[in-house]
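Asks: Okay, predicted coordinates and the sequence, questions at the end:
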Amino acid sequence: MKEAALAPLIANDDIGQTIYALAAEIFPICRSITGDGVRRTIDVLSRHIPVHRHEIPTGTAVLDWEVPKEWSITDAYIKNAKGERVVDFHRSNLHIVNYSAPIKAKIPISELKAHIFTLPDQPDLIPYRTSYYNETWGFCMSHRQLAALEEGGGEYEVVIDSRLEAGALTWGEYLHAGETTDEVLLSAHVCHPSLANDNCSGLALLAVLAHKLTDIRTRLSYRILFVPGTVGAIAWLAANEAHLDRIKHGLVVSCVGDAGGPTYKRSRRGDAIIDRAMAHVLRASGAPVNLLDFFPYGYDERQYCSPGFNLPVGLFQRSQFATFPEYHTSADNLDFIRAEHLAASFRWIVQTLDILERNRFMINRHPKGEPQLGRRGLYGAIGGDRNAWTRNMAMLWTLNLSDGQHSLLDIAERANLSFDVIASIADVLEDHGLLAASSESG
Amino acid sequence: MKEAALAPLIANDDIGQTIYALAAEIFPICRSITGDGVRRTIDVLSRHIPVHRHEIPTGTAVLDWEVPKEWSITDAYIKNAKGERVVDFHRSNLHIVNYSAPIKAKIPISELKAHIFTLPDQPDLIPYRTSYYNETWGFCMSHRQLAALEEGGGEYEVVIDSRLEAGALTWGEYLHAGETTDEVLLSAHVCHPSLANDNCSGLALLAVLAHKLTDIRTRLSYRILFVPGTVGAIAWLAANEAHLDRIKHGLVVSCVGDAGGPTYKRSRRGDAIIDRAMAHVLRASGAPVNLLDFFPYGYDERQYCSPGFNLPVGLFQRSQFATFPEYHTSADNLDFIRAEHLAASFRWIVQTLDILERNRFMINRHPKGEPQLGRRGLYGAIGGDRNAWTRNMAMLWTLNLSDGQHSLLDIAERANLSFDVIASIADVLEDHGLLAASSESG
Amino acid sequence: MKEAALAPLIANDDIGQTIYALAAEIFPICRSITGDGVRRTIDVLSRHIPVHRHEIPTGTAVLDWEVPKEWSITDAYIKNAKGERVVDFHRSNLHIVNYSAPIKAKIPISELKAHIFTLPDQPDLIPYRTSYYNETWGFCMSHRQLAALEEGGGEYEVVIDSRLEAGALTWGEYLHAGETTDEVLLSAHVCHPSLANDNCSGLALLAVLAHKLTDIRTRLSYRILFVPGTVGAIAWLAANEAHLDRIKHGLVVSCVGDAGGPTYKRSRRGDAIIDRAMAHVLRASGAPVNLLDFFPYGYDERQYCSPGFNLPVGLFQRSQFATFPEYHTSADNLDFIRAEHLAASFRWIVQTLDILERNRFMINRHPKGEPQLGRRGLYGAIGGDRNAWTRNMAMLWTLNLSDGQHSLLDIAERANLSFDVIASIADVLEDHGLLAASSESG
């Protein structure tokens, strides 16, 4: 494989708009850990790639967990004495505590308040809240809305027309088959309702990436998951436990559309190839990189990196979750994410995958003394430009360290040159018979 | 062992006063490396705990050394022409070079000066000096006293009524037996005369600690030594060479009553559990910690950490020896040490011992994916307070790292949480069947 | 070996002048990678030590290379229309692109310019250029000279009276045989023409060092090479491939006469004894040390450290090559180097070799407890001076760490004391039977 396998993807110019448009399309859907919202989202994504829909019945034991009931909701509101919908699910699905049990009652504001969640410090924003494993009901609203309700006083008609019934847990899965069965796991959570960055951005980016991969021959296979957070990842792990040794690298992808970061949280292993590849790409980007060691809180890397699996899976984000004011509020909307940020996230991820594709161990076939590069026309002209200098140094480093102990990524890091420069020069040196591929894969 | 074994000791409120009172009681005794001063000190300590008194005869070979003669002293003075005692042993036992040979003579000041030691830079203080292995005699005094002697001029009557005779080397030893024969060695030197911090403070702290331990069931056994410096430690090592493999952890304790530090000098191993435990406690204390790598100068850690033994024994102090102006002078008196500093030293030592008691390797019994904590009522409430957040993180970290490779102390360090939080949550998780104790001890 | 084997060399006071004089003597010779310049240089050096001259015929395969043609040059110039030599090889051999093919022609300045090299940013300096592996011809001159030529205009008579013919590659080699066949390789490139620092300085320093060694009994053998850069080192490696396991340490020496640095570039191994010894010496020097990790560009360490050999050979310089404005220009002349800088370079190299000579593993014969130093008269007097303190600490460190795991260099580094202090005290302790030499060599 002499060419950057994924280079055509990096060159794609309008990728940011494509991802944005898809994110915008799935934004309005009211998702939860189960139910039609997930199915409808997968349906939209399936217009880009043939996503396989998996369903596991409610009550099925999955690892230490059990598949929960399926949640559906058709309407919800709070009406004032005049019969006006002062809070309306159809205006924002964030208004309802996600996975709320049904309710239909008239209750005084004093009692209703116990079921209302606001953000006093961000009084114009609706918070996003869930209650998955504690059956209750509730409304989320801006602090100003609550103030208005309190001012109005009296009783309110409260309706949540939802159901919690036996059904299924749903996830979407797509496999891009490469030349080998070694897999890269790319996972995005599909359970959040109308939050643009968290995680319409990640879902859309992975769907578009999967679509682009269909045109490309790759060495590795790519398994792309659209799974409900936590219990969805657990269900997938339970269903695939026998095949997890195929997963050689992995990324959880979320919040990839804002202007922050980039952030990369390393896998539990800390020095997996994905950890080093992503760090290499992000450091080279010149952006203010936020590199974090693993910690057991966050997204589904928690499950993939649980000690019994310990998969080499990191987390890629722009702003780190829970550190930006829009996080888990109604401000995480389609104005918060932008095509240019989605495009940058896409590029960094593809550059990282490109390292996974091309990293390998080479063997210098003339390891005693330097081989005579000039005779082979390989040495840059005297007084050559900066590129010639870089190319010469890349040759010298690659020859010097291709001893079977250093992968191309190792060499790039040691030489402080980009992986692409090193991998490209390795191809040239291989063509000239100066390097041979080692049997050990990168 | 689900409760902090040593927690009751930490809670003790008047411990500083108790230690201070005992230090004050032993302060006046004139100790040396041998002789009645050591015996009388052990007698006082024995009123708190039954200290076993060991005696090794003069001339006994101990490792590369030989037990020296026993020194006794009843009186010593310098009298002027009027017969006035201008320097008097009974005013301060520091006035006599410790282990001085006897002398009775009238000598001119010009000759006497060769036997007088002062501190010109600290002209009001009496230095502490010894001459153990070079038989001679001498007086220590303030530089102002010397000036007065010189001004007086003429001859002085010089008397040191001491004896250096065959006798014994004495040390005190106390064993608190725990559930196992794994031992913690706690050692304080008992050879210094009236120096409050160095080391009445250490002797008193260990005696009080030993007394408090009598009420407590511990996993480890605690062997507490009151030994003359260097030759005493060497004699103890010689006598106990066959059993040193019982020593799993150890601390030399000296100068624990002043306001400085805390200082911890690591064992020669550098990464012994005692080294990491003490560092963990002191770093968490918020005090300006002085953590030092091992160096082969100081107190009896020199002997315990000699290469043929290489025991995991560190040194705990407040101010580091030889760095404070009162060190080895008459200013190291009962005004220099304070109950509050003794109490803090006691607390840090006990917190460290608590880690030794409770550190262990746990195994996550549901290592694949996270176990469902909510179902078990373990997950802190949404929007919980800071403690709930810490507790949740402690659970996640402890579950994630309890893979048989990480002790609870490892986990606490990795999670940047206190050992106590991690060890307590591990007990809870064990109660819920989520963790099992590993066969490997901490 | 109880005395610093190489101490007499360090004490030498006029060594700087001696080296300078020799450098000045070889400065005028026009060297290249082959030819009489190399032979004449070796002849001069041979007046100091019996350098063995090796010759390998043109066309011989050496590793991946082939011995090139021999270059000889008798005259070269550019004459203007009046017949004046406006550029003259006899004024500076830098005027001719080194290894130029012959030319005799009258050509207009417009055509000649393609064969002229200048430094527009340093308009008064003649650059040094070569064209070894691309047969061509050219002149180097100051930018002002070129301007004058252009102003003159018209045709110029251009003559390079050189030959490229079958002949030989020449190198010089000298072996100082020590007590063992373990060798230190000291290598200087001999191919540069009149450049004083690069590398008349290195050639002269090594020749003088070799001469001084003849008076000294050493443990190690010293193999000193005067080799043409790159192809010369490659030829030597090819010829000696069977014996390279004798090379235990090595240094490439170049640019050792200017005021910069010192610079040390580590061997490819990075932690070879030579790397640690040189770093120890240079750090202790108080000079602004420039310590560099290995990189595969520079002098003949490129060949010695190629992955198939991976010899423990570093590079010692004052200013780092290619970082000073005089580098590879006519400003690298006899004014640029000075006796005092050559003397300092000599001293640092000898101090480093002294560590190689004296480093060893010792075993404490009384490892249990400290041995009683006072009884043996080894302990410095109480209140002793700074030297006594250092000596006491050196004894304690050396005894404590002489466990078969730490060499004397390891101990010096750990103790933060000079190697010389530690090695000297180890000799004393060995004399007193407290240390024994380990079978493992340093």
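Replies: Cool, got the structure. Numbering: from 1, shown residues only, chains lettered A, B, ... in the order given.
Asks: and chain A, which of its residues are near chain B?
Replies: By Cβ under 8 Å from any Cβ of the partner chain, the residues of chain A that approach chain B are A:63-65, A:129, A:131, A:133-134, A:230, A:233-234, A:237-238, A:241, A:268, A:295-297, A:302-303, A:305-310. No exception for glycine: its C-beta is placed from N, CA and C like everyone else's.
Asks: Contact partners for the residue nearest to A:Ile355 when sequence neighbours are not counted?
Replies: Spatially, and ignoring its direct neighbours in sequence, A:Ile355 is nearest to A:Ala277 (4.0 Å; Cβ to Cβ, 6 or more residues apart in numbering or on different chains). By Cβ atoms under 8 Å, 6 or more residues apart in numbering or on different chains, A:Ala277 lies in contact with A:249, A:352, A:355-356, A:359, A:409, A:419.
Asks: and with 7 Å instead?
Replies: Neighbouring residues of A:Ala277 by Cβ atoms under 7 Å, 6 or more residues apart in numbering or on different chains: A:352, A:355-356, A:409.
Asks: For A:Arg163, what is the enclosing helix or strand?
Replies: Element membership for A:Arg163 (DSSP states H and E) is strand A:155-165.
Asks: Compute the mean per-residue pLDDT across that strand, please.
Replies: Averaged across strand A:155-165, pLDDT comes to 97.
Asks: sorry, back to before: so among the residues of chain A next to chain B, which ones count as buried?
Replies: A:63-65, A:129, A:133, A:230, A:233-234, A:237-238, A:268, A:295-297, A:302-303, A:305-307, A:309-310 (16 or more other Cβ atoms under 10 Å in any protein chain shown).
Asks: how distant is the host helix or strand of A:Leu206 from the center of its chain?
Replies: Secondary structure assignment for A:Leu206, by DSSP H and E: helix A:202-213. Here helix A:202-213 is found 10 Å from its chain centre; the criterion is Cα atoms, centre = their mean, to the nearest Å.
Asks: sorry, back to before: mind checking what helix or strand follows whichever strand or helix holds the residue nearest to A:Ile355 in sequence?
Replies: Element membership of A:Ala277 [criterion: DSSP H and E] is helix A:273-285. Using DSSP H and E, the helix or strand that follows helix A:273-285 towards the C-terminus is strand A:290-292.
Asks: Which neighbours in the sheet does that next one have, and how are they oriented?
Replies: Strand A:290-292 has the following strand partners under DSSP bridges: strand A:263-265 (parallel).
Asks: contacting residues around the closest residue to chain C within the stretch 101-250 of chain A?
Replies: Using Cβ to the nearest Cβ, the single residue of the stretch 101-250 of chain A nearest to chain C is A:Arg219, 26.0 Å away. A:Arg219 makes contacts with A:1, A:5, A:178-180, A:357, as judged by Cβ under 7 Å, 6+ apart.
Asks: Among those residues, give me the pair with the biggest separation.
Replies: A:Ala5 and A:Thr180 (12.5 Å; Cβ to Cβ).
Asks: Contacts for stretch A:164-172, please.
Replies: So stretch A:164-172 is contacted by A:34, A:38-39, A:42, A:45, A:51-59, A:67, A:69-71, A:101, A:190, A:225-228, A:231-232, A:235-236 (Cβ under 7 Å, 6+ apart).
Asks: And that stretch, end to end?
Replies: Stretch A:164-172 has an end-to-end distance of 22 Å (Cα to Cα, to the nearest Å).
Asks: now that stretch: how far from the chain's centre is it?
Replies: For stretch A:164-172, the separation from the chain centroid amounts to 22 Å (computed by Cα atoms, centre = their mean).
Asks: now A:Gln303, what's its secondary structure?
Replies: Classification of A:Gln303 using DSSP: H, G, I helix; E, B strand; the rest coil returns helix.
Asks: what's the closest non-adjacent residue to it?
Replies: That would be A:Ala233: by Cβ to Cβ, 6+ apart, it lies 4.2 Å from A:Gln303.
Asks: my guess is the one you found meets A:Val227, correct?
Replies: Yes. If you go by Cβ atoms under 7 Å, A:Ala233 and A:Val227 touch, sitting 5.2 Å apart.
Asks: Between those two, which contacts overlap?
Replies: Shared contacts of A:Ala233 and A:Val227, counting by Cβ under 7 Å, 6+ apart, come down to A:187, A:300.
Asks: now stretch A:133-145: mean pLDDT?
Replies: The average pLDDT within stretch A:133-145 is 95.
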